[in-house]
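got a sequence here, can you build the structure:
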Amino acid sequence: MSVGIIILIVLGLAAVGFIMGRQRARSLWTDNGVKLHSLPGYYGQTVALFTAVPALILLTAWLSIQPGIIEGRISGMIPDSVVPEGGAHSLVMADVRRIAGGLDAVIARGGVGEDELNDGRIDFNNIRARLADVGIALGGDVPVEVFEAARAYRQAANTSNLLMTIAVLAVALVLGPLAYRRIRPELRARNMSESFVKWVLMGSSLVAILTTVGIVGSLVFETIAFFGMYPWQDFFLSTTWNPQFRGGSDLGILPLLWGTFYVSLISLIVAVPLGLMIAVYLSEYAGPKTRSIVKPAIEVLAGIPTIVYGLFALITVGPFLRDWLAQPLGLGTSSSSVLTAGLVMGIMIIPFVSSLSDDIINAVPQALRDGSYGLGATQSETIKQVVLPAALPGIVGAVLLAASRAIGETMIVVLGAGAAAKLDLNPFEAMTTVTVKIVSQLTGDTEFSSPETLVAFALGLTLFVITLGLNVLALYIVRKYREQYE
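Okay, here's the model as predicted:
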């Protein structure tokens, strides 16, 4: 039974429990004339919660633990001789999982019988063609041990799924009736429901925190593995980026950081002044009709896919800068350059600056403006000396969001700035960024036991630390400046 069907059954039982619990509470109220502590609906909610929540928690925990247990058992069945030279045990387990899923599809199409597969009478020499018929293509010669492990993996998964289904439905069918029998007039059903809602909201708020912890944890552990293979001094101090998957790579991050900051700086030079001037115009000068037309038109830029911006940089902006600036000035002959990517990226992030700044400027109390006008200040003086300082925290947040968006951009840099890792001040030279190299190092048939692949996690962690430092610095500056106005 699939997980979706199990969830639907549990939710169906919870709905039945809600109806029966509410009806029982109503009958206690009408038949006995006893005053209930809570409304009848809260008693139904209590039964539904006891029916669904423990069962779904068990289902989630089971699905989280099951793959690790099964893979731990099946992994021991694969001898080291099966692992290809230079390969990893995890890649063999990936083939085992693919073949196990393919066997289910083969059985569903009638290509092989369930009994024939389980009792070991299947001919593994012919199973490759049957797997190819269901979309599971296997390259090279797959050892018989891998097919045996896949068959055992499938059996263990099916057995575990059967036990999971029985356990989850048993929990729902036991706790639901118990909650139904506990319905009494003095039961504080409303308090129980409100407590559940509070815990749900608390759990929702923890999702972001746990996600951040998971992201950082995965980066940290893989980065530690990378620095166990590659010297950290060479990574942080070397000015050469030259990965070689045959070994002997130079993996210096400095050229990538330079390209990242160079492109991001140009994009912010373009986006921040334009975005702020747009925000000031829309919030302080434009009328309602003009605002209703101009603001949506500007925000359309935020909805354009980045690949379209990349094509715009490659076909239009790059050749224009090359033909009219770079070649006449003798600064370059390539349409791919830092300036190309920076200009297009700046156009892309204008809505992030203008929309957020516009919202925060509109949030400044009108009393501040009126007070400034009462003291004889002009509109431009009021904006410069009253409105913008009061809106500074939001404006800094908008600029920081735009900077983070620029630092994390990939497609525009790939198409507009090229992929050359170099240290150069010439904005008409092709360069690359950290995010582009993260993608390139993880693209293709990669092996997660080599420094050339694990370097992507070190690059990601470095970028995360830099972004975190920018956030902390911006928060410090904003708090220090805000104290002068409070």
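
low-scoring stretches of the stretch 201-350 of the chain, by residue?
By pLDDT under 70, the low-scoring segments of the stretch 201-350 of the chain are 246.

how about the strands in it?
241-242, 250-251 (DSSP state E, counting those that start in this stretch).

tell me which of these sits nearest to residue 400.
Residue 400 lies closest to strand 241-242 among these, at 27.6 Å (Cβ to Cβ). The C-beta positions use only the backbone N, C-alpha and C, and glycine is treated the same way.

so which of the strands of the stretch 201-350 of the chain is the most packed in?
strand 250-251 (a mean of 20; mean count of other Cβ atoms under 10 Å).

pull up the pairing partners for it, direction included.
strand 241-242 (antiparallel) (DSSP bridges).

tell me which residues are up against the partner strand.
Defining contact as Cβ atoms under 8 Å, 6 or more residues apart in numbering, one finds that strand 241-242 is touched by 249-253, 255-256, 421, 437.

one more pass at 6 Å, please.
Residues from elsewhere that reach strand 241-242, judged by Cβ atoms under 6 Å, 6 or more residues apart in numbering: 250, 252, 255, 421.

between the residues you listed, which is closest to residue 473?
residue 255 (24.2 Å).

pretty sure that closest one contacts residue 423?
Yes. Counting by Cβ atoms under 6 Å, residue 423 is a contact partner of residue 255 at 5.4 Å.

average model confidence for the helix or strand hosting residue 474?
Assigned by DSSP states H and E, residue 474 belongs to helix 451-482. For helix 451-482, mean pLDDT is 83.

among the strands of the stretch 201-350 of the chain, which comes closest to residue 470?
Closest to residue 470 of the strands of the stretch 201-350 of the chain, according to Cβ to Cβ: strand 241-242, at 23.0 Å.

possible to save the strands of the stretch 201-350 of the chain as CSV with distance to residue 196?
Converted to CSV, these look like this (distance: least, Cβ to Cβ, whole Å):
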stretch, distance to residue 196
strand 241-242, 53
strand 250-251, 51
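
go through the ones you listed and name the closest to residue 296.
strand 241-242 (42.4 Å).

before we move on, back to that, closest one of the contacts of strand 241-242 to residue 95?
Nearest member of the contacts of strand 241-242 to residue 95, counting by Cβ to Cβ, is residue 250, at 33.0 Å.

tell me the spacing between that closest one and residue 39.
71 Å (Cβ to Cβ, to the nearest Å).

same question for residue 414.
59 Å.

the more surrounded of these two?
Taking neighbours as other Cβ atoms under 10 Å, residue 414 and residue 39 compare with residue 414 leading, 23 against 16.

what's whichever helix or strand that one is part of packed up against?
Per DSSP H and E, residue 414 falls inside helix 411-416. Helix 411-416 makes packing contacts with helix 306-312, helix 338-362 when contacts are defined by 3 or more Cβ pairs under 6 Å, 6 or more residues apart in numbering; DSSP states H and E.

residue contacts, residue 317?
Per Cβ under 6 Å, 6+ apart, neighbours of residue 317: 340, 343-344.

helix/strand/coil for the closest residue to residue 337 other than its chain neighbours?
Nearest residue to residue 337, sequence neighbours excluded (Cβ to Cβ, 6 or more residues apart in numbering): residue 428, at 4.6 Å. With DSSP: H, G, I helix; E, B strand; the rest coil as the basis, residue 428 sits in coil.

residue 428: neighbour count?
22.

that one contacts residue 332, doesn't it?
Yes. Between residue 428 and residue 332 a contact is recorded at 3.6 Å, counting by Cβ under 6 Å.

pLDDT on the following helix or strand past the helix holding residue 414, on average?
Scanning forward in sequence from helix 411-416 by DSSP H and E, the next helix or strand is helix 434-441. Averaged over helix 434-441, pLDDT sits at 89.

buried residues, helix 434-441. List them.
In terms of neighbour count (16 or more other Cβ atoms under 10 Å), helix 434-441 has its buried residues at 434-438, 441.

contacts for it?
In this structure, residues lying in contact with helix 434-441 by Cβ under 6 Å, 6+ apart are 256, 260, 408, 410, 413-414, 453, 455-456, 459-460, 463.

output those residues as TSV; include the columns distance to residue 181.
Shown next, in TSV, are the contacts of helix 434-441 (distance: Cβ to Cβ, whole Å):
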residue	distance to residue 181
256	65
260	63
408	55
410	58
413	64
414	64
453	58
455	61
456	57
459	59
460	54
463	57
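
top of these by neighbour count?
Going by other Cβ under 10 Å, residue 413 tops the contacts of helix 434-441 with 32 neighbours.

quick one, what contacts that residue?
341, 433, 436 are the contacts of residue 413 under Cβ under 6 Å, 6+ apart.

now with 8 Å?
Counting by Cβ under 8 Å, 6+ apart, residue 413 touches 259, 263, 341, 345, 432-433, 435-436.

which PyMOL command selects the buried ones in these?
Typed into PyMOL, the next command selects the buried ones out of these (criterion: 16+ other Cβ under 10 Å):
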select buried, resi 259+263+341+345+432+433+435+436
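
joint contacts of residue 428 and residue 332?
322, 326.

about what we covered before: can you add distance to residue 369 and give the contacts of strand 241-242 back as CSV?
Shown next, in CSV, are those (distance: Cβ to Cβ, whole Å):
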residue, distance to residue 369
250, 58
252, 53
255, 49
421, 50
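
buried among these? Need that as a selection in ChimeraX.
Only the buried entries of those go into this ChimeraX selection, using 16+ other Cβ under 10 Å:
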select :252,255,421
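
so which of the helices and strands packed on helix 411-416 is the most packed in?
The most buried one of the helices and strands packed on helix 411-416 (mean count of other Cβ under 10 Å) is helix 338-362, showing a mean of 25.

counting by contacts, list what it packs against.
helix 254-280, helix 288-303, helix 306-312, helix 318-321, helix 392-407, helix 411-416 (3 or more Cβ pairs under 8 Å, 6 or more residues apart in numbering; DSSP states H and E).

so what does the longest one touch, helix or strand wise?
Using 3+ Cβ pairs under 8 Å, 6+ apart as the contact test, the elements touching helix 254-280 are helix 338-362, helix 392-407, helix 434-441, helix 451-482.
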